[in-house]
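In: Give me the fold of what follows.
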Amino acid sequence: MSQFVQSLESEIVSRGLLPRGREILVAVSGGADSLVLLHALHSLAPKFLWKISVAHFNHQLRGRASDADEKLVRQTAADLALPVFIGRADVKTYAAKSKFSIEMAARKLRHEFLAHTAKAQKISVVALAHHANDQVELFFLRVLRGAGGEGLAGMKWCSPSPVDKKLTLVRPLLGLTKIELLDFGRENNIKFREDASNASSDFLRNRIRNELLPLLQKKYQAGLTKTVLRLMEITGAEAEFAGEAARRWLGSSGRESAHKNSQSRLTSAATISKEIFERLPVAVQRRVLQLQLIELGVGTDFELIEQLRETPVKVVSVGPGLSVARDAAGKIRLLEPVETKFKSDEIKLKLSGRAGRARFGRLEFDFTLQKENGSRGRSPHCTELFDADKIGGEIILRHWRAGDRFQPIGLPSPVKLQDLFVNAKIPRERRRELVVATTAAGELFWVEGLRISEPFKLTPATRRRLVWAWHAV
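Out: Here you go, the predicted model:
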């Protein structure tokens, strides 16, 4: 028996991935990874009394090349005297209709095929060919996307299918590198096909694989794979503990089967259930909030969790007409949609003299008309300069209204004020409190908290300028 197969057997046995006598559906794409997995499991099958079947999904993304992949998988299954199941779908068309990326559409359809096939054949385990290098690529992909501890832990050796929770996905190759797989393939003359899209720079994962990782290994850390895998293991264990502690605090009965083997750690986490929310470790606080948001069907991100964690009873908008808040005890509740009306009050200011003062809402304004002398300098805080002649003889102070459009300096055309508020991450409940200033014709030249307006900025042709200052009262 080769060293590769011995290592694979050791991982399978020590981690309890594939019990003796189990029926296994092996997902085979036609590439080196999955065909190596198939041959290795086939060589171990007599010893463990496994009954192996092959599943191949044709994504129809590469024309004849995709059909050639399918042909190779069929031939390999025939050579090994194994049953083979084939699925096909036009992934590109499905992605366009569903507004998914090609990668996401392919993954969804592939998992649906595997789950359907496994159920039809009464098979409860699917073996996937993800290996150690895939883990490292995933780690950096998730780092770049800002993932938390659970995300950085990467793929699990054993996990439920995203389509059917009763179906178990196992990844026996996670401890073995791509080089080890290829060496085994060469030693055993295993035929496989290369996917040309793996060399494309169109996908971020490919750029990580082909550009970033070689650079890091060459210039910074030759043992990058081993180092990252160790870090993922540590991060995953810590994230798992925080999750268990959070579920314990929330009174969870441990619904996730992946945590059944963690009873010893739960003992030390039990005391956390007696703590009040504010005294919990920060990592556990975040996980407590995340679990509740998921239970409520609310998408989570770091900013949302931090707003809830740092400020009890603060109302945070999470969608149109939908808000959440947490109480002092750490429990989150969905708030009933409340219709917020636009404020209709306004005042008019005449620019007939050199200076003036006005108060509107919670702001007080001081404005001065000056001859433009070409000197720019840096304006004091809460002070802006405008072309007075473009504004005209009257200013209207009011609040944001439906349909308002504004052209911040530097933009080529006006855009919806609501879109600017969203981009600036101004909370929904605060937007209608903000003050805007318009000309008599209704053109917005100043919006509280945003840049000045492009059409009203000072230019070489400006003769008079309006010095516009404000402060809260």
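In: for the stretch 351-473 of the chain, what spans make up the helices?
Out: Remark: helices assigned in the stretch 351-473 of the chain by DSSP state H, counting those that start in this stretch are 388-391, 417-423, 428-431.
In: buried ones in the longest one?
Out: Residues of helix 417-423 classed as buried under the neighbour-count rule (16 or more other Cβ atoms under 10 Å) are L417, Q418, L420, F421. To be clear about C-beta, it is placed using only N, CA and C from the backbone, and glycine gets the same treatment.
In: which helices and strands does that helix pack with?
Out: On a contact count with 3 or more Cβ pairs under 8 Å, 6 or more residues apart in numbering; DSSP states H and E, helix 417-423 meets strand 405-406, strand 444-447.
In: from these, which stretch is densest packed?
Out: Among those, strand 444-447 has the highest mean neighbour count (mean count of other Cβ atoms under 10 Å), at a mean of 23.
In: Show the subsequent helix or strand relative to the least confident helix or strand in the chain by mean pLDDT.
Out: Lowest mean confidence among the helices and strands of the chain (mean pLDDT, DSSP states H and E): helix 263-269, at a mean of 43. Next along the chain after helix 263-269, taking DSSP states H and E as the criterion, comes helix 282-295.
In: which of the residues in that next one are buried?
Out: A283, V284, Q285, R286, R287, V288, L289, Q290, L291, Q292, L293.
In: Now do it: everything it contacts.
Out: Here helix 282-295 makes contact (Cβ atoms under 8 Å, 6 or more residues apart in numbering) with 148-149, 238, 242-243, 245-247, 249-250, 252, 272, 277, 280, 299-300, 304-306, 308-309, 324, 326, 330-332.
In: Domain map for this structure?
Out: As given by automatic domain parsing, the domain ranges for the chain are 3-226, 279-339, 346-472.
In: Compare those and say which comes out lowest on pLDDT.
Out: Mean pLDDT values for the domains of the chain show the minimum at domain 279-339, a mean of 84.
In: And that domain, how far out from the chain middle?
Out: The chain centre lies 18 Å from the centre of domain 279-339; the measure is Cα atoms, centre = their mean, to the nearest Å.
In: Which helix runs longest in the protein?
Out: Taking DSSP state H as the criterion, the chain has its longest helix at helix 224-250.
In: related to what we said a few turns ago, okay, among the buried residues of helix 417-423, which ones form the most distant pair?
Out: Greatest spatial distance among those (Cβ to Cβ): Q418 and L420, at 7.3 Å.
In: residues in contact with V28?
Out: The neighbours of V28, taking Cβ under 8 Å, 6+ apart as the test, are S34, L35, L37, L38, V54, A55, H56, V73, T76, A77, A129.
In: Out of the buried residues of helix 282-295, flag the one nearest to D69.
Out: In terms of Cβ to Cβ, no member of the buried residues of helix 282-295 lies closer to D69 than Q290, at 39.3 Å.
In: how much space between the residue nearest to V84 when sequence neighbours are not counted and S53?
Out: Nearest residue to V84, sequence neighbours excluded (Cβ to Cβ, 6 or more residues apart in numbering): A77, at 3.7 Å. Distance from A77 to S53, counting by Cβ to Cβ, to the nearest Å: 9 Å.
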